[in-house]
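Asks: Structure, please.
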Amino acid sequence: MNIANIITSIRILLIPIFMFFLLNYNISYSKVIAAVIFIIAAITDSLDGYIARSKKIVTNFGKFLDPLADKLLITAALVGLVELQKISSWIAMIIIGREFIVTGLRMVAAAEGIVISANIWGKLKTISQIIAIVLLLVDNYPFRFLDFPFDKIALWVAVILTIYSGVDYIRVNWRVIDFTKK
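Replies: Predicted structure coming up:
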C-alpha cells in the first residue's frame, strides 16, 4: 500500500462521514461541514493521481480503486441531494447511468487488452459535477445573495457534459463492442 493508494482509501472512508453530515439535520452547519468534506475528498482525486504518476508508484490496485472512489463519492452526493430534494432523481440517474455505461465499456475493453483512458470531456464532466454539487450543498452561496441561480446553471452544464462525454466515449471506442463476437 503506497501513499497514493492510502489517499484514495481515505477518500472512500470520507464518504460515510460526508453522508452523515449531509443528511443530519440536528447538527449546526451540517451542510457546510458536508461540503468541506466533499471538497477535501474531491481534491484527493487529483492529489492521489498526481502522486502516483510523479513518484511512478501507479499500481493495479490504484487503477481499480481510484475510479471506484470517484464514482462512490459522486453517487453518494447525488443520492443525498435527491433525498434533500435539491435535484431530481432523473438527473442523478443520467449521471450515474453514464458512469455504468463507461465503466462497462472499459471492462469490455480491458478484457480485450485495450485501455480506455480518460479524455478531456471526461475530466470536464467531473469538474462540472464537483462544482455543481458543491454549489448545491452550500445552497448556492454566495450567488444566492445576487439572486443568480449559478447552482442550477452549473448542474445543467454538468448534465450536458455528462451526456456529451458519455456519447463521445462510446463513439470513440465503438470498436470495442463487437456484436458479432461470442
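Asks: Check which residues of the helix or strand harbouring K31 are buried.
Replies: Using DSSP states H and E, the element containing K31 is helix 30-54. Buried residues in helix 30-54, counting neighbours by 16 or more other CB atoms under 10 Å, are found at 31, 33-39, 41-42, 44-45, 47-49, 51-52. Bear in mind the C-beta positions are built from the backbone N, C-alpha and C, glycine included.
Asks: One more: stretch 121-135?
Replies: 121-122, 124-126, 128-135.
Asks: Pull the following helix or strand past the helix holding K31 out as PDB, backbone CA atoms only.
Replies: Later in the chain than helix 30-54, the nearest helix or strand by DSSP H and E is helix 60-83. This file holds the C-alpha atoms of helix 60-83, laid out as PDB (Å, rounded to 0.1, in the frame of the first residue of the first chain):
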ATOM      1  CA  ASN A  60      -3.200  -2.100 -10.400                       C
ATOM      2  CA  PHE A  61      -4.900  -1.700  -7.000                       C
ATOM      3  CA  GLY A  62      -4.800   2.100  -7.500                       C
ATOM      4  CA  LYS A  63      -6.100   1.800 -11.100                       C
ATOM      5  CA  PHE A  64      -9.100  -0.200  -9.700                       C
ATOM      6  CA  LEU A  65      -9.700   1.800  -6.500                       C
ATOM      7  CA  ASP A  66      -9.300   5.400  -7.800                       C
ATOM      8  CA  PRO A  67     -12.200   5.400 -10.300                       C
ATOM      9  CA  LEU A  68     -14.300   3.400  -7.900                       C
ATOM     10  CA  ALA A  69     -13.700   6.000  -5.200                       C
ATOM     11  CA  ASP A  70     -14.700   8.800  -7.600                       C
ATOM     12  CA  LYS A  71     -17.900   7.100  -8.600                       C
ATOM     13  CA  LEU A  72     -18.800   6.300  -5.000                       C
ATOM     14  CA  LEU A  73     -18.300   9.900  -3.900                       C
ATOM     15  CA  ILE A  74     -20.300  11.400  -6.800                       C
ATOM     16  CA  THR A  75     -23.100   8.800  -6.400                       C
ATOM     17  CA  ALA A  76     -23.300   9.400  -2.600                       C
ATOM     18  CA  ALA A  77     -23.600  13.200  -3.200                       C
ATOM     19  CA  LEU A  78     -26.200  12.700  -5.900                       C
ATOM     20  CA  VAL A  79     -28.300  10.300  -3.800                       C
ATOM     21  CA  GLY A  80     -28.100  12.700  -0.800                       C
ATOM     22  CA  LEU A  81     -29.100  15.700  -3.000                       C
ATOM     23  CA  VAL A  82     -32.100  13.700  -4.300                       C
ATOM     24  CA  GLU A  83     -33.100  12.800  -0.700                       C
END
